[in-house]
Structure formats: C-alpha cells, structure tokens
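Q: Provide a 3D model corresponding to the input given below.
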Amino acid sequence: MAEAEQTLLETDTEMADTTADGLVYYPYRVFGFNLHAEAFLDDFSDQVYCGVDLCNGKEMFIEEAPETVDQVVDEDAVVPVDADIENPKRTARHYLLELARKELRVGSPPDLQVIEDRRIYRPFHLIKCATANEISLTYIVDSITGDFHRVYLN
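A: Below you'll find the model as predicted:
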C-alpha cells in the first residue's frame, strides 16, 4: 500500500498527503471456453477467457487465464454482488460470440464449450488523499496493475 500512496504523491502535483485506508475485493466471474469457429477459408480453435463484473454486469475479454491465490479475507472488505445480475455465463457467452463474429468474421456462430467457471476477487487499495487546497479525495489503486482511479462519492 505504501507504493500506491507514493505513486499518487509523485504523479499528482496537487496532492499534499495520502493515507492508505485498506483493501477492498471486487467480485468477478471468470469463464474459460474452448472456442471453435469455421471461417470462409479457415478453422480457428483456441481457449478464450471472459470475465463478468458482478457489480455492474460488464463483460471483458481476458488475454490469458488469471493466476489466483486462495486467501481468507474479511467479509466487510468484499464489494457486494448486484443481485440483479442473473446469468453471468450467458453474458460471457454472448459477449464472446459477438467478439468472434466481428474479429473472426465467421458465417455461423462459433462453438463455445465452458471449461472453467470460477468466482475471483480482485484486490484494490483504497487511498485517501488531501490536495494542496485541502480537498479530500479517494482513489482506488489496482493492486495487480498499479492503475489508479478516482472514486466519485455522492
């Protein structure tokens, strides 16, 4: 977390102080699929991965299978799942079908068979910040990539 604090201090000239305020764990469902598609002059087979954000239902293509670590965390640090997200597997399948149709330019829908289905939690550091003009901000810092984003609170 000290790295996240230091990164914000070094990259924002208006930042006066930063304080780590703990970790939160953001929920995703990650699906691995065997994909087979027949294009006009070619066949394509590969393992592909898709993640579905369990808080807003957004899907994302994942370049390779995520590496995970089993860890017990405080339940209060886990971001709650949106109960209205009904079928993440269908969301992932639909997303990959659209992506394959656009990228591979296949005539018929590709065959997708689920080979992996797991829930993962991505850790984010919460960093409280004070600017030079005494405005209080909160950032989240991705503990894996180091990317940081402002959190807008109402």
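Q: CA only for contacts and neighbour counts going forward, please
A: Noted.
Q: Determine the number of other residues adjacent to residue 145.
A: Neighbourhood size, residue 145 [other Cα atoms under 10 Å]: 8.
Q: Oops, could you answer that again for residue 96 instead?
A: Neighbours of residue 96 (other Cα under 10 Å): 22.
Q: and it, what element?
A: Per DSSP states H and E, residue 96 falls inside helix 88-104.
Q: after that helix comes which helix or strand?
A: Note on helix 88-104: by DSSP H and E, the next helix or strand toward the C-terminus is strand 111-131.
Q: Kindly export that following strand (C-alpha atoms) in PDB.
A: Extracted as PDB, the C-alpha positions of strand 111-131 are listed here (Å, rounded to 0.1, in the frame of the first residue of the first chain):
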ATOM      1  CA  ASP A 111     -18.900 -23.400 -30.800                       C
ATOM      2  CA  LEU A 112     -18.200 -22.400 -27.200                       C
ATOM      3  CA  GLN A 113     -17.800 -25.000 -24.500                       C
ATOM      4  CA  VAL A 114     -17.200 -24.000 -20.900                       C
ATOM      5  CA  ILE A 115     -14.000 -25.500 -19.500                       C
ATOM      6  CA  GLU A 116     -13.700 -23.200 -16.400                       C
ATOM      7  CA  ASP A 117     -16.100 -21.300 -14.200                       C
ATOM      8  CA  ARG A 118     -14.800 -19.600 -11.000                       C
ATOM      9  CA  ARG A 119     -15.500 -16.500  -8.900                       C
ATOM     10  CA  ILE A 120     -12.500 -14.400  -8.200                       C
ATOM     11  CA  TYR A 121     -12.000 -11.200  -6.200                       C
ATOM     12  CA  ARG A 122      -9.500  -8.600  -7.400                       C
ATOM     13  CA  PRO A 123      -7.900  -6.600  -4.600                       C
ATOM     14  CA  PHE A 124      -7.900  -2.800  -4.700                       C
ATOM     15  CA  HIS A 125      -6.200  -0.400  -2.300                       C
ATOM     16  CA  LEU A 126      -8.300   2.500  -1.000                       C
ATOM     17  CA  ILE A 127      -6.200   5.600  -0.700                       C
ATOM     18  CA  LYS A 128      -7.500   8.800   1.000                       C
ATOM     19  CA  CYS A 129      -5.900  11.900  -0.400                       C
ATOM     20  CA  ALA A 130      -5.700  15.600   0.500                       C
ATOM     21  CA  THR A 131      -4.900  18.100  -2.200                       C
END
